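# Give me a model of this one.
(4 chains)
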There are 4 protein chains.
Amino acid sequence: MAVTSDAVRAALRELRIELPSWAFGNSGTRFKVFAQAGVPRDPFEKIADAAQVHRYTGAAPEVSLHIPWDATDDYRQLGAFAVDHGVSIGVINSNTFQDDDYRLGSVCHPDPRVRRKAIDHLLACVDVMDATGSRDLKLWFADGLNYPGQDDLRARQDRLAEALSEVYDRLGPEQRMLLEYKLFEPAFYATDVPDWGTALLHCLRLGERAAVVVDTGHHAPHTNIEFIVALLLREGRLGAFDLNSRFYADDDLMAGAADPFQLFRIMNEIVAAGAIGGEVRFMLDQCHNIEPKIAAVIRSVMNVQEATAKALLVDRAALHTAQQEGDVLGARAVLMDAYDTDVRPLLAESRTEMGLDPDPIAAFARSGYAESVIAQRVGGAAAGWGA
Amino acid sequence: MAVTSDAVRAALRELRIELPSWAFGNSGTRFKVFAQAGVPRDPFEKIADAAQVHRYTGAAPEVSLHIPWDATDDYRQLGAFAVDHGVSIGVINSNTFQDDDYRLGSVCHPDPRVRRKAIDHLLACVDVMDATGSRDLKLWFADGLNYPGQDDLRARQDRLAEALSEVYDRLGPEQRMLLEYKLFEPAFYATDVPDWGTALLHCLRLGERAAVVVDTGHHAPHTNIEFIVALLLREGRLGAFDLNSRFYADDDLMAGAADPFQLFRIMNEIVAAGAIGGEVRFMLDQCHNIEPKIAAVIRSVMNVQEATAKALLVDRAALHTAQQEGDVLGARAVLMDAYDTDVRPLLAESRTEMGLDPDPIAAFARSGYAESVIAQRVGGAAAGWGA
Amino acid sequence: MAVTSDAVRAALRELRIELPSWAFGNSGTRFKVFAQAGVPRDPFEKIADAAQVHRYTGAAPEVSLHIPWDATDDYRQLGAFAVDHGVSIGVINSNTFQDDDYRLGSVCHPDPRVRRKAIDHLLACVDVMDATGSRDLKLWFADGLNYPGQDDLRARQDRLAEALSEVYDRLGPEQRMLLEYKLFEPAFYATDVPDWGTALLHCLRLGERAAVVVDTGHHAPHTNIEFIVALLLREGRLGAFDLNSRFYADDDLMAGAADPFQLFRIMNEIVAAGAIGGEVRFMLDQCHNIEPKIAAVIRSVMNVQEATAKALLVDRAALHTAQQEGDVLGARAVLMDAYDTDVRPLLAESRTEMGLDPDPIAAFARSGYAESVIAQRVGGAAAGWGA
Amino acid sequence: MAVTSDAVRAALRELRIELPSWAFGNSGTRFKVFAQAGVPRDPFEKIADAAQVHRYTGAAPEVSLHIPWDATDDYRQLGAFAVDHGVSIGVINSNTFQDDDYRLGSVCHPDPRVRRKAIDHLLACVDVMDATGSRDLKLWFADGLNYPGQDDLRARQDRLAEALSEVYDRLGPEQRMLLEYKLFEPAFYATDVPDWGTALLHCLRLGERAAVVVDTGHHAPHTNIEFIVALLLREGRLGAFDLNSRFYADDDLMAGAADPFQLFRIMNEIVAAGAIGGEVRFMLDQCHNIEPKIAAVIRSVMNVQEATAKALLVDRAALHTAQQEGDVLGARAVLMDAYDTDVRPLLAESRTEMGLDPDPIAAFARSGYAESVIAQRVGGAAAGWGA
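So this is what the prediction gives:
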């Protein structure tokens, strides 16, 4: 029997999508960062923008910080500011790729001095977690090589393991380490954590509070991401999902924009595993290089909600029966019946029930917020990846 | 200090490249299998052809069998025939993809009857190992899905784990299970063992005598294969290497033909780990669709030898120093100095020392073997992937 | 102003999807062709099956033949048989890849004798066109190289141009030559017509009745196919579209199965150019390796119809305005509003208007046709790629 | 008969590799530009560095300028400075991607004002050509879309054609337009000139003095670049080659570093076509993000020379014979015999004949130039992609 609309709406309310502070700052490619008017100039303004997304979607109550981009003297003040704006501080992201010392790597660098510096930064991020009450430390390492022979692939794994171990030991009993992988960029020959297998191997060694982060844009062409999701869920090691979309490499486009069917298939594995509302953190990690940022984040949240709603609509009993019978076309039809459904009315209804405007994009546009910050945020340096 | 030519030649003599019986039969694409004259018609003739490769290279003393393509009533006779020809029987390869029952999978099939049949075949392969004295069972599963929703990705992993466990338990104390992964083909949406991470996870669960098989053609575009090799060697779980080369997908061209620098980088990781002459089996797995088969296999063995010789020439002390100093161009130069060396004279000398002709291709051509089998092997059905 | 439902239904009736005779025969990969019961044994039975698809969709009135797979002594009889079954014979496809002579190529082969043989086959295909009243000759060449150096890339282009020219000159004034390109397979190093640019260059030299065939599965990873479609339409050289879908290479899955958003984007360019119902032939070119073939073709036709209906629903005036204003999110929203619409009710209504069952899959299943051909088609050799 | 060493050395002296001024400035990824000491601060210092490369290789007598990065008030002075340093100014590169106006494109932008601005910049680049005596205008457009629907693919081609036409008409009779293509980055959904076919179509419309630029890093995965080179040479439309190498996307690593065999295959097509010393310009276009820049450029020039030397060593008569005979392994062996040759002694000898040090890397290192510019170039802003 198919899921009822009530059940879908109830399940959807469990879906929380964490927002990255940096999505609201300027971003771009190596060729150009196009400046946008009204962009935040500090972590407070970023949180204020993020709060707008939650205000109109009701689904994005947490904001990830990126240290040092969001470093501040008083994290309690920042946390209070967030709460005043209806959101809270979520995951802490480290940065070991923007100091000149990290030219040849951070925790995998051949020089112990640089490794020490990188590890100290990671430990400082745990301090920030303690100060903000964040539960998860998210680690992405840009470490890698541009040329064959440049360094020893295997020795770098040893150094990585050692660094992770020290940081893991520093975590409190309720804190987790989330390890992200990425095929390439900025390293162009070998990356030290290039795939889910490498990330998982390190997590298995570290302990139960280490889990893998999947970023949709960090895979080789043709990689079946929902397969990885299903596997990590089976192992209990899917820590978080960095949502975005791509046509080519790590394009960081809005989630669901490049391949909405892929996003549906991913959410389908998550729904099938009962993982909505559980330990997996769903986060956006996007760059709105050419489009207005707050509206783009609202749209991305809506895209994830729509994909999830479709996944929730899958008639799992019928699907299971067709699969067991080896009915290839029948099983596919059950899945596609959910995907082909227009879930926008259902989501509009759900929002109305929650006291929200059924059309978040239009409501935000009417609010005049975008215009007001353009008027107010004059002078100062716009936030970006470097600050 | 750079390695001496003597040391390189000594190390090269440790390198054994196992030959697949099926490389000598007809092969092709889904579009056409082009028949070649003189192709073997049974496992005996395949072994006779493989023995020619060893005769002229001195580096290929073992032949892998594929069951049921090489099934015979009397494996002892087959083994004796091999010994008479100067070679021996190596790895046993299973086949759970060419029976109509396997349309939707074998060990991952939703129907327990089909799974039982597949497992029974795998157990029968262990019987063959007992009869032939083979130490390694190599498993490649074509299992997978063509359409999203067709079956349950996670349930299939459970079925796979169960099947592997039963077979692993049947192995003798000196026998190993080698598990191969492949991104796609023949499955076009999801493959049940698509990457090294999935294969390794199963091996870790099974026990110490389970290890991963890396096939150069089984990866997503842009995958750094030598990184995987280094990682698996670090874990002690690189069981075997299926050598071949590709420009696109699983093209199964001659090893070293598409990207000789990649083959060098792979062998460089293997040499750096001291894994020549150890537990890792180096095997060819190729399809000589348009070129003469025996000569193509000889050429492939030579290509692997040349890549290995270059890897052996790397001045590891100088490399290590440059790497430690962060000298990107210097470290790269040490590696490339070995790659740019013409190692053919060194290999010719090595062959002469072993009493072989310095030019195996020319010696084989002069022998008249190709012409004689064309004359003799008239009538009967040429061996191919189906027989 | 958005398109009305009436206008969409009227436009949809212009969409004709030609069916390949070979989709109804057995197919597979190099690993295995799984036999299905009830598969046609000759071109007559293939046409009978294809006619079923048209009977339930009303959108597939033509069947492509593949010579020699569908060769017959009396094409007038075959044509009459088709008409009796409510369909007609469409494009003629040549085959210069399944003769042992073509091991190293056909029209690009270094040996003039082989080239002559291949050209003669192409000329014979034009004879078949004359006999069947077919308007289009569709050429796909498997020609290419497996190894660098194997032949002269440039000389092969000269030979190709010469062959195409001779065949083009033989065409009647109402006949066209449609030239297909493909990145790889069966050739694994270089293909002689690998991309749209090569195909178009030859067409430009030949004359106005030569046009390019785009097959969705024949591109490098990440290729933007709708861009190619837009470009070829701009040049007036999009001759035909071979529809199917893929996750990896030339997987030949059902159209719309792997990436329904891509199919929508492609049809969107076609609709935007007003090319439905014009000179572009829309054809399926698929392999139903594991699923029932007739139902799979019906589903594929429906998938193309749904993508086209969505493309027809795009509010082009609103899209144009948003594009002109540089409103990135607004323009995208106009496009996605059409894609997110559930067009199945609209298509069901359209079918009812045409006197068809609103649910073609269910109607075909109820008809008992599949069961009847299984009962009837006993004995004889099932049709496949080789016959 | 194989080519003699004398002939190879003579041919090598015809090979000129143009250097891009920007290779000597700082570069990086969107994540970080690592500053290097001693980096030039203006076009004069860039030319001085480039002249070092020519001083030690004797093969790089020309330097490309990038406008506005290298804009200066007095190009005659800059030209004279170059001549004083033993080099001259080569190709002029335009830049229509680093102004905030170009957020949605330049010559393809929907707004005519922005298009006008972009065209005016291109025309100003022709003025620079007139002032510097440069013969070639190299155009690369970052124009494209990040999201489906964002703009009209076809209308953008019309705008592009119009802009190119105006600029082409402005060129003097001895001046050429070189049009570069690139698959993606910075645009992530569609690029307006994504492939060689699109570039060539525009060139064919423009006239005989328009030709295509091939950049090794600008293709989809698996693209056969030497095929494109052969095709463009056959059409007489290969204008220039931007040499670099990549493992993933547009990595801009040193030429020959990622796949030396590919570079050899490319140079082999160029040598086979007799195109060394002709109209094709060979240029480097690289980013030395982590390695010392001048030494990296010297190494890159040497890599191109080595690949070319190997291509020159190919025994073309033997190759042709084997190809004509359909001898797959024999033809491949002829090609590989050249590739496997260690050409470093030959190049050393050639340098000695030219009065150069046989080891350019060592000679440059000994010169103390790197240390002297680090000492001298203190203060001021290091040149990079933005200045």
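# quick one: contacts for whatever residue of chain A ends up closest to chain B?
The minimum distance from chain A to chain B, using CB to the nearest CB, falls at A:Gly197 (2.6 Å). C-beta here means a position set from N, CA and C on the backbone, and glycine is covered the same way. Shown in contact with A:Gly197 (CB atoms under 8 Å, 6 or more residues apart in numbering or on different chains): B:195-198, B:200, B:231.
# Give me the subset of the residues you listed lying in helices.
B:196-198, B:200, B:231 (DSSP state H).
# Let me know how buried A:Arg332 is, in neighbour terms.
Per other CB atoms under 10 Å in any protein chain shown, the neighbour tally for A:Arg332 reads 25.
# pLDDT value on it, please?
You'll see A:Arg332 listed with a pLDDT of 98.
# before we move on, what about A:Gly386?
For A:Gly386, pLDDT reads 68.
# quick one: contacts for the spatially most distant residue from the centre of chain A?
Most distant from the centre of chain A: A:Glu325, at 37.4 Å, with distances by CA atoms, centre = their mean. Listed by CB under 8 Å, 6+ apart, the contact set of A:Glu325 reads B:Pro110.
# what's the farthest-apart pair in the ones in helices among the contacts of A:Gly197?
B:Thr198 and B:Leu231 (14.0 Å; CB to CB).
# got the residues of the stretch 251-387 of chain A near chain D?
A:251, A:253-254, A:257-258, A:289-291, A:385 (CB under 8 Å from any CB of the partner chain).
# Which pair of those spans the longest distance?
Spatial extent of these (CB to CB) is set by the pair A:Ala258 and A:Trp385 at 21.6 Å.
# Of those two, give the one with the bigger neighbour count.
Using other CB under 10 Å, the more surrounded residue of A:Ala258 and A:Trp385 is A:Ala258, with 25 against 19.
# Once you drop chain neighbours, what's closest to that one?
Counting by CB to CB, 6 or more residues apart in numbering or on different chains, A:Ala258 lies nearest to A:Ser245, which is 3.8 Å off, once chain neighbours are set aside.
# cool, and A:Val8?
Using CB to CB, 6+ apart and skipping the chain neighbours, the partner closest in space to A:Val8 is A:Leu312 (4.4 Å).
# Check what pLDDT the one you found gets.
pLDDT, A:Leu312: 97.
# Also A:Val3?
We have a pLDDT of 75 for A:Val3.
# cool, A:Asp42 as well?
96.
# Phi, psi for the closest residue in space to A:Asp42 that isn't next to it in sequence please.
Nearest non-adjacent residue to A:Asp42, counting by CB to CB, 6+ apart: A:Ala383, 6.8 Å away. Per-residue torsions, A:Ala383: phi -70, psi 150 (degrees, to the nearest 10).
# Could you verify my assumption that A:Ala383 touches A:Gly38?
No: using CB atoms under 8 Å, A:Ala383 is not in contact with A:Gly38; the gap is 11.4 Å.
# A:Arg9: neighbouring residues, count only.
When neighbours are counted by other CB under 10 Å, A:Arg9 comes out with 18.
# related to what we said a few turns ago, out of the ones in helices among the contacts of A:Gly197, who has the most neighbours?
Neighbour counts for the ones in helices among the contacts of A:Gly197 peak at B:Trp196, which has 29 neighbours (criterion: other CB under 10 Å).
# Name the nearest residue to that residue, ignoring sequence neighbours.
B:Ile228 (5.1 Å).
# so the one you found, which of the three states?
Put simply, B:Ile228 is helix when judged by DSSP: H, G, I helix; E, B strand; the rest coil.
# A:Gly278 now?
Assigned by three-state DSSP, the conformation of A:Gly278 is coil.
# What does the pLDDT read for the residue of the stretch 1-150 of chain A at minimum distance from chain D?
Closest to chain D within the stretch 1-150 of chain A is A:Thr29: 4.0 Å, counting by CB to the nearest CB. pLDDT for A:Thr29: 96.
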